[in-house]
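Student: Task: produce atomic coordinates for the following.
(one chain, ligands or ions: 2)
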Amino acid sequence: MTTMYQQQTVAIDRVEQMVSRLKKSDHRITPQRLAIFKILANSVGHPSAEAIHGALLDNHPTMSLATVYKTLTLLKQEGEVLELQFSDLGNRYDGNKPYPHPHVICTGCGTIVDPSLLDLDDITKKMMNETGFKIVAHRLDFYGICPECQKNG
Ligand code: ZN
Ligand code: MN
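Tutor: Ligands and ions are numbered 1, 2, ... in the order given. Purely as a prediction, here's the structure:
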């Protein structure tokens, strides 16, 4: 239960952060935008724009996919969502951790998980020392078969 509560708190914090960042840059917070923020903050599976749109249609029947895309572009521009581009899965979004971090990706169903055990700060520092680069981002994907897909053969 503790972890559920923490998840929930994190989600609320993320929505507030998205709202305050957009307000600071003079963007309006419409009910539709707020609904998209909430979906992003509460998603653990790195949804696609289409999945976000689908999740919103019940409560926001007039929501267009274009609005979802525009809001994602805006959030990306403001550094409040991490966009993962894939040639085969389409783009997926992480609204919980809007900064570079490793991902574990199922090649069966496309589920994407954040491993919590991997801290890349040390590696990044070492790489900067070794190469003289100022490293500002990274992309590290691990591919495999998720437990659910393993069960289903
Ligand atoms: Zn899977
Ligand atoms: Mn992630």
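
Student: check contacts around Val44.
Tutor: 96, 113-114 (CB atoms under 8 Å, 6 or more residues apart in numbering). Heads up, the C-betas are built off the backbone N, CA and C, glycines and all.

Student: Please work out which residue of this structure is closest to ligand 2.
Tutor: Asp94 (3.7 Å; CB to the ion).

Student: is it true that that residue touches Lys76?
Tutor: No: contact criterion CB atoms under 8 Å: Asp94 and Lys76 do not qualify, at 10.9 Å.

Student: more neighbours, the two?
Tutor: Neighbour count, other CB atoms under 10 Å: between Asp94 and Lys76, Asp94 has more, with 21 against 15.

Student: quick one, phi psi at that one?
Tutor: Torsion angles at Asp94 (phi, psi; degrees, to the nearest 10) stand at phi -120, psi 110.

Student: Which positions are bridged to it in the beta structure?
Tutor: Residues in a beta bridge with Asp94, per DSSP bridges, are Leu82.

Student: how does the protein divide up, domain by domain?
Tutor: 1-96, 100-153 (automatic domain parsing).

Student: Let's see the strand or helix carrying Val104 as CSV, backbone CA atoms only.
Tutor: Using DSSP states H and E, the element containing Val104 is strand 103-106. Taking Å, rounded to 0.1, in the frame of the first residue of the first chain, the C-alpha atoms of strand 103-106 are listed here in CSV:
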residue,chain,number,x,y,z
HIS,A,103,14.3,1.5,-20.5
VAL,A,104,13.4,-2.2,-20.8
ILE,A,105,11.3,-2.9,-23.8
CYS,A,106,9.3,-6.1,-24.7
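
Student: how far does it sit from the chain's center?
Tutor: 13 Å (CA atoms, centre = their mean, to the nearest Å).

Student: other SSEs contacting it?
Tutor: Using 3 or more CB pairs under 8 Å, 6 or more residues apart in numbering; DSSP states H and E, the elements in contact with strand 103-106 are strand 112-113, strand 141-144.

Student: any chance of these in TSV, with distance to ligand 2, mean neighbour count and mean pLDDT too?
Tutor: Output for those, formatted as TSV (distance: least, CB to the ion, whole Å; neighbours: other CB atoms under 10 Å; pLDDT from 0 to 100):
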stretch	distance to ligand 2	mean neighbour count	mean pLDDT
strand 112-113	7	18	94
strand 141-144	10	11	96
